[in-house]
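In: sharing a model prediction with you, sequence too.
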Amino acid sequence: MSPAPAFIEPTPPFDFGLTAGYLTYFRGRYGSDSFENGELRHVTDVGGKVALATVRSLGSVDAPRLKVGIAGEGLEDRDAEAACCRTAWALGAYDELQPFYEIALKDPHLPPLVHAMRGLHITRASPYEAMIHAILGQQISSHVARMLRTTLIETYGPSATIDGRECFAFPSPEALANAGVDALRSIKFSQRKAEYVTDISAMVASGRLDLDGLRGKSTEDVVESLTAIRGVGPWTAHWLMIRALGHTDGFPYGDIALQKAMGMLVNGGSTMSADEILKYSERWSPYRSYVTVYLFAAMRSGRLEELVGSDGRGDSGT
DNA sequence: GGCCAGGTTCGCT
DNA sequence: AGCGAACATGGC
């Protein structure tokens, strides 16, 4: 029933615990993914079939090696292989951290952060999932957003019972485009959100919107293309670059949490404005995606305070 | 028991 | 150009 285990050899340094923890921070709450006792469970949809990847670390941060077991109904070898590739991709396994570390270690503020989070790779979702996720996360508290996402995938996501557990994968653009605005409203979406999700899903399903095609484009081009879509502004565009497009220089300067974190890091603890953090961050280009992710990882782990400005003095960055 | 939580986008005045 | 609506749970 289960194909033979496969192996992933990520580009070192790769800290499996940190990276799997980052991957499941959201998905672990609204999807079927989890990271417990050193074991990552990651659900993916391969060609309409739901596959569960179970991942464990066999190696170390500097010699990483992951063992991946794939389970699911009616999976052929090539499906299992695809599920394994998708899992490696979701973990950002082959991402190169060195170029970022080289500039970060020369920075006055970043070394403690980079040292503490060494080996954290930027995890990825599909551009479509990241887009819907971002739209749902706009405008509302994280509690409400989580509830909406959970209901969404449990209503429209493909599911399968694997190892006695019901697993849901993220809904397809077709499924959400066909659901219709009224149906989404009935699962507590606002009119606006229901319209955005329906419109974007229909555009992706019909091929009029090619989110994957944005990969490799310049920041300006990506932001321009994405913000032309109704429901998408700079904040959403920048998070999408980081979470889905593999862009190294995304920086969601409109994010309040990022503004607070930047204040902690470089401004002696005082929150900075969107303009201020954007200007300050230019020195980290083109690696601002890493700074963003490392700051959020530190924040979520509750360690940001101990990792910033041990000299207690920030400069305003001007 | 009220208030706020990791706010952004769009539309109306 | 500037302000308000949109969503509605759980913790402090």
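Out: Arrived safely, thanks for sending.
In: now do the contacts for A:R41.
Out: A:R41 is in contact with A:32-35, A:52-55, counting by CB atoms under 8 Å, 6 or more residues apart in numbering. Quick note: C-beta positions are derived from backbone N, CA and C, even for glycine.
In: of these, which one scores lowest on pLDDT?
Out: Among the contacts of A:R41, A:S32 carries the lowest pLDDT, at 78.
In: so the residue in the stretch 201-318 of chain A positioned nearest to DNA strand C, which of the three states?
Out: Taking CB to the nearest atom of the strand as the measure, the stretch 201-318 of chain A has A:G231 as its residue closest to DNA strand C, at 10.7 Å. Under DSSP: H, G, I helix; E, B strand; the rest coil, the three-state class of A:G231 is coil.
In: list the contacts for it?
Out: Residues in contact with A:G231 (CB under 8 Å, 6+ apart) are A:135, A:138, A:192-193, A:195-196, A:199-200.
In: list the backbone torsions phi and psi for it.
Out: phi 100, psi -10 (degrees, to the nearest 10).
In: excluding chain neighbours, what is closest to A:S126?
Out: What sits nearest to A:S126 in space, not counting adjacent residues and going by CB to CB, 6 or more residues apart in numbering, is A:A244, at 6.4 Å.
In: for whichever residue of the stretch 1-150 of chain A sits closest to DNA strand B, give me its contacts.
Out: Minimum separation of the stretch 1-150 of chain A from DNA strand B (CB to the nearest atom of the strand) falls at A:Q139, amounting to 1.9 Å. Applying CB under 8 Å, 6+ apart, we find A:Q139 in contact with A:190, A:193.
In: let's see 7 Å
Out: By CB atoms under 7 Å, 6 or more residues apart in numbering, the contact list for A:Q139 is empty.
In: that one should be in a helix, yeah?
Out: No - the assignment for A:Q139, made by three-state DSSP, is coil rather than a helix.
In: tell me the pLDDT of it.
Out: Value for A:Q139, per-residue pLDDT: 73.
In: go on, A:D315?
Out: pLDDT at A:D315 comes out at 43.
In: and if you look at A:G254?
Out: Value for A:G254, per-residue pLDDT: 89.
In: could you report the neighbour count for it?
Out: By other CB atoms under 10 Å, 16 other residues sit near A:G254.
In: before we move on, what about the one 3 residues further on?
Out: If you count neighbours by other CB under 10 Å, A:A257 ends up with 12.
In: in contact with it, which residues?
Out: A:M299.
In: about what we covered before: which two in the contacts of A:G231 are spaced the farthest apart?
Out: Taking CB to CB as the measure, these span a maximum distance of 14.5 Å, between A:Q138 and A:D199.
In: would you check how far apart the residue of the stretch 201-318 of chain A closest to DNA strand C and A:E195 are?
Out: Distance from A:G231 to A:E195, counting by CB to CB, to the nearest Å: 8 Å.
In: most centrally placed residue in chain A?
Out: In chain A, the C-alpha closest to the average C-alpha coordinate belongs to A:R243, at a distance of 3.8 Å (CA atoms, centre = their mean).
In: tell me the secondary structure for the nearest residue to that one once chain neighbours are set aside?
Out: Excluding its sequence neighbours, the residue lying closest to A:R243 (CB to CB, 6+ apart) is A:A130, at 4.5 Å. Three-state call for A:A130 (three-state DSSP): helix.
In: next one, pLDDT for the residue in chain A positioned nearest to DNA strand C please.
Out: Nearest residue of chain A to DNA strand C (CB to the nearest atom of the strand) works out as A:S190 at 1.9 Å. At A:S190, the pLDDT value in this model is 87.
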